[in-house]
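1. task: produce atomic coordinates for the following.
(2 chains)
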Amino acid sequence: MSYEWDFAVVFQNYDLLLLGLINTLNVTGVSLLFGIPLGLFVALLRLADSKWVSRSAGIFIEFFRSTPPLVQLFWIFFVLPILFDIAIDPYSASIIAFSIQSSAFFAEVFRAGLISIDRGQWEAGYAIGMTRKQVLRRVTLPQAVKRMIPAFLERIIELMKTTTLVSAISYSDLLFQANDIAQQTYRPLEVFSVVAAMYFFVLWPTSVAARGLERRLAVSGESTAA
Amino acid sequence: MYNWDFGIVFSNWNVLGIGLLNTIKLAALCLVTGLSLGLLVGIARYSKRKIFNWPASIFVEVFRNTPVLVQIMWFFFALPILLQTQINAFSAAFLGLTMNTIAFSSEIFRGGIQSIAPGQWEAGKALGMTYVQQMQRVILPQAISRMIPAFTNRGVELVKMTTLASVIAFGELLHQAKTISTIYFNPIETYTVVALIFFVLIYPGTLLVRKLEKRADQ
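-> So this is what the prediction gives:
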């Protein structure tokens, strides 16, 4: 007996899926908005002269890189509200978890980018009387950012894949909507296949772009992507 | 002020213990299977023949560019309908995580093989070796030592990804924690202990990757 495919139920619920996709992009985008500046901040702390500051930043990075993102999300969603006696909805918990988690990874990207810049660039800046902040903003960071773009895109792809975890705390992202529709229509095969394809068509072009950029920067010897 | 009480968590150590064993079992099985099959897919990706290259490339792109949780859900909810059989949570998680590991590790194999100078192939050929012999005796032994940091990193990622199996109710560590915290209403202590267990499990791997990478750079 062969299975009779029926994609009609998927298309009838296109508005629910679209809402899910928008929510997925929303969580990804807002987490990046907080995660990238926070990552730069942590990277600067990590590179600070004070051993104490540098080491604390190191512990922060190691902790969030070495625990599963789903455990972090659960901890923030279930533990934080009791600990501080506040209410946290699934959306806020997701934003907090992924901003912090991605900042730990972005910090490593920023650090690798910054230490790849020749020392002479710093010295040249100091020699013409710039402060540390000025050299960073006008000389070294602009050069480092260009090299970091492929690694950034890769992190963004990883982050968007990671946002599917929010479905586990009932935030209605694309995967959560898919699960909902699948349960109502008894058509998991069609629904999950279409949703997998939706993720693919958002992530794949980003992947191709990241690889293209990496190749171009590798030719000019400027990539820091590991 | 919240009154911390770790007593309940520790008196349920056997529940967490089962979870930890399941986590390790799932990760180890997926890593071994994923790396072995990843080698085959990597060689197919490296091949210039379209009949090997194209299917391998499509496989790798699909599994690298979709979220692993979607893959696990697909294997758990969708595949049973297609095959008209039952698939339990462990098998679905195993399939999803293994496919994912194959896709990522095949790229590591391909990169490693590509990094070996063409002269090595030619030297093998000059000695009358076949393709398989060149690969097995000359290329892979050199390539694999360069790939070890990347493989260790895959292992770290894999352990983190096993937590996703809790979503389809496989009794790994996080799922066991969820069970305890639902029964005793003590998410604070349970999730904190579980976060620490994962850290202790994963951090040595992270450290090892860094050490290996540093050595490779020199």
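
2. only C-alpha atoms from now on, for both contacts and neighbour counts.
-> Noted.

3. what segments of the chain are helices?
-> No chain was given, so I picked chain A. If DSSP state H is used as the criterion, the helices of chain A fall at A:8-12, A:14-46, A:51-65, A:69-74, A:80-84, A:90-115, A:119-127, A:132-135, A:141-162, A:174-185, A:188-219.

4. actually, chain B is the one I wanted.
-> Remark: helices assigned in chain B by DSSP H are B:7-11, B:13-46, B:50-64, B:68-73, B:79-83, B:89-114, B:118-126, B:131-133, B:140-161, B:173-184, B:187-217.

5. just give me the neighbour total for the residue of chain B found nearest chain A.
-> Ranked by Cα to the nearest Cα, the top residue of chain B for proximity to chain A is B:Ala78, at 4.0 Å. Burial of B:Ala78 is recorded as 22 neighbouring residues (other Cα atoms under 10 Å in any protein chain shown).

6. what does B:Ile144 give?
-> 15.

7. what sits against it?
-> Neighbour list for B:Ile144: B:109, B:112 [criterion: Cα atoms under 8 Å, 6 or more residues apart in numbering or on different chains].

8. can you do 10 Å?
-> For B:Ile144, the set of contacting residues under the criterion of Cα atoms under 10 Å, 6 or more residues apart in numbering or on different chains consists of B:108-109, B:112-113, B:151.

9. equivalent analysis for B:Thr179, please.
-> Contacts for B:Thr179 (Cα under 10 Å, 6+ apart) come out as B:15-16, B:171, B:173, B:185, B:187, B:190.

10. let me have these in CSV, adding pLDDT, distance to B:Ile8 and neighbour count as columns.
-> Below are the contacts of B:Thr179 laid out as CSV (pLDDT from 0 to 100; distance: Cα to Cα, whole Å; neighbours: other Cα atoms under 10 Å in any protein chain shown):
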residue, pLDDT, distance to B:Ile8, neighbour count
B:Val15, 95, 11, 18
B:Leu16, 95, 12, 26
B:Gly171, 94, 19, 25
B:Leu173, 96, 16, 27
B:Phe185, 89, 10, 12
B:Pro187, 91, 11, 24
B:Thr190, 94, 9, 28
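
11. now, the most widely separated pair of these?
-> Checking these against each other with Cα to Cα, the farthest-apart pair comes out as B:Gly171 and B:Phe185, at 18.8 Å.

12. most surrounded residue in the contacts of B:Ile144?
-> Neighbour counts for the contacts of B:Ile144 (other Cα under 10 Å) peak at B:Phe109, which has 27 neighbours.

13. which non-adjacent residue is nearest the residue in chain A that chain B sits nearest to?
-> In chain A, the residue found nearest to chain B is A:Leu189; the distance is 4.0 Å by Cα to the nearest Cα. Nearest non-adjacent residue to A:Leu189, counting by Cα to Cα, 6 or more residues apart in numbering or on different chains: B:Ala78, 4.0 Å away.

14. what's the answer for A:Ala43, then?
-> In space, and not counting its chain neighbours, A:Ala43 is closest to A:Ala107: 4.5 Å by Cα to Cα, 6+ apart.

15. contacting residues around the residue lying closest to B:Ala177 once chain neighbours are set aside?
-> Distance criterion Cα to Cα, 6+ apart; nearest residue to B:Ala177, sequence neighbours excluded, is B:Thr190 at 6.0 Å. Contacts of B:Thr190 were listed using Cα under 10 Å, 6+ apart, and they are A:75, A:79, B:5-6, B:8-10, B:12, B:16, B:174, B:176-181, B:184, B:196.

16. buried ones among those residues?
-> The neighbour-count criterion (16 or more other Cα atoms under 10 Å in any protein chain shown) marks A:75, A:79, B:9, B:16, B:174, B:176-181 among the contacts of B:Thr190 as buried.

17. got the contact list for the most centrally placed residue in chain A?
-> For chain A, the residue sitting closest to the mean C-alpha position, by Cα atoms, centre = their mean, is A:Leu159 at 3.2 Å. A:Leu159 sits next to A:27-29, A:31-32, A:98-99, A:101-102, A:153, B:67 when contact means Cα under 10 Å, 6+ apart.

18. redo those residues as a markdown table? Include pLDDT and distance to A:Arg65.
-> Compiled in a markdown table, those are given as follows (pLDDT from 0 to 100; distance: Cα to Cα, whole Å):
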| residue | pLDDT | distance to A:Arg65 |
| --- | --- | --- |
| A:Val27 | 97 | 20 |
| A:Thr28 | 97 | 18 |
| A:Gly29 | 97 | 20 |
| A:Ser31 | 97 | 16 |
| A:Leu32 | 96 | 16 |
| A:Phe98 | 97 | 12 |
| A:Ser99 | 97 | 13 |
| A:Gln101 | 96 | 7 |
| A:Ser102 | 96 | 9 |
| A:Leu153 | 92 | 18 |
| B:Pro67 | 97 | 18 |
